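**Q** Have a look at this prediction, sequence included:
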Amino acid sequence: MTGTKLKFLLLLSLFILQSCKDKDPEPDQCVNGFKDAGETNIDCGGVCPDCPIVFTPSLVMTLNGKEVSFQTKSMSENSGEFYLAASNDSIDFQIDMGSNSAVGNYTLSSSGHSLLYKNVLYNIVANGSHAVASNNSSTRRIAGFFQMKFTRPFVSDTIYITNGQYSDLKY
């Protein structure tokens, strides 16, 4: 065999071997880091597994006509009683929501609450109410609304809380 024929057969053999090689598999669209057609978000939903549920706890209210929000907010349960607590740089409060955690409207008791506003304690509540809009006992997340009037003993000083709203608070 001449050198040219040998080179030709060697190149032909390499070409045949290369063409028989398995092709790289296509990457799974559900793990490729892109929002592909058929997905509701990046690598999830639609044709892919469900997207994770993202909770965004929030609490806002209007205090004497001014809307305020809170950096720290929580709902806790202690012996069947629910407590809503929140604070920011000028307000720190706790509301005893009572044992009512089912969806519905409720009247707040007149005790068990406190509001520290600009270092002044308000601890008497009149005309307080709250509504539970949703309560998912499996995720232990609750949402609802509240309003109340705080006063101080022996002083005619009143704070009105209206349009109170909380959502996705874990207890």
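**A** Arrived safely, thanks for sending.
**Q** contacts, neighbours, all on C-alpha from now
**A** OK.
**Q** Could you list the paired strands of the longest strand along the chain along with their orientation?
**A** In the chain, with assignment by DSSP state E, the single longest strand is strand 155-170. Here strand 155-170 is paired, per DSSP bridges, with strand 58-63 (antiparallel), strand 141-152 (antiparallel).
**Q** could you give the mean pLDDT of that strand?
**A** Across strand 155-170, the average pLDDT comes to 94.
**Q** what's the offset of it from the middle of its chain?
**A** A distance of 20 Å separates the C-alpha centroid of strand 155-170 from that of its chain, computed with Cα atoms, centre = their mean, to the nearest Å.
**Q** Does residue 116 touch residue 94 like I think?
**A** No. In this structure residue 116 lies outside contact range of residue 94 using Cα atoms under 8 Å: 9.1 Å.
**Q** the more surrounded of those two?
**A** Between residue 116 and residue 94, residue 94 has the larger neighbour count (other Cα atoms under 10 Å), namely 19 against 15.
**Q** Against residue 165, how distant is the more buried one?
**A** Note on residue 94: its distance to residue 165, by Cα to Cα, to the nearest Å, is 14 Å.
**Q** can you check residue 137 too?
**A** 19 Å.
**Q** quick one: least confident helix or strand in the chain?
**A** In the chain, no helix or strand scores lower on mean pLDDT, DSSP states H and E than helix 3-20, which sits at a mean of 59.
**Q** could the strands paired with strand 155-170 be laid out in JSON lines, adding distance to residue 81 and mean neighbour count?
**A** Supplementary listing: the strands paired with strand 155-170 in JSON lines, determined by distance: least, Cα to Cα, whole Å; neighbours: other Cα atoms under 10 Å:
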{"stretch": "strand 58-63", "distance to residue 81": "19", "mean neighbour count": "19"}
{"stretch": "strand 141-152", "distance to residue 81": "14", "mean neighbour count": "20"}
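**Q** which one of those strands lies closest to residue 50?
**A** Each of the strands paired with strand 155-170 has some distance to residue 50 by Cα to Cα; the shortest is strand 141-152, at 19.8 Å.
**Q** Tell me which residues of the longest strand of the chain come out buried.
**A** Across strand 155-170, burial judged by 16 or more other Cα atoms under 10 Å covers 159-162, 164-170.
**Q** and those residues as JSON lines, adding distance to residue 60?
**A** Listed next are the buried residues of strand 155-170 as JSON lines, based on distance: Cα to Cα, whole Å:
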{"residue": "159", "distance to residue 60": "16"}
{"residue": "160", "distance to residue 60": "14"}
{"residue": "161", "distance to residue 60": "10"}
{"residue": "162", "distance to residue 60": "10"}
{"residue": "164", "distance to residue 60": "6"}
{"residue": "165", "distance to residue 60": "5"}
{"residue": "166", "distance to residue 60": "7"}
{"residue": "167", "distance to residue 60": "10"}
{"residue": "168", "distance to residue 60": "13"}
{"residue": "169", "distance to residue 60": "12"}
{"residue": "170", "distance to residue 60": "16"}
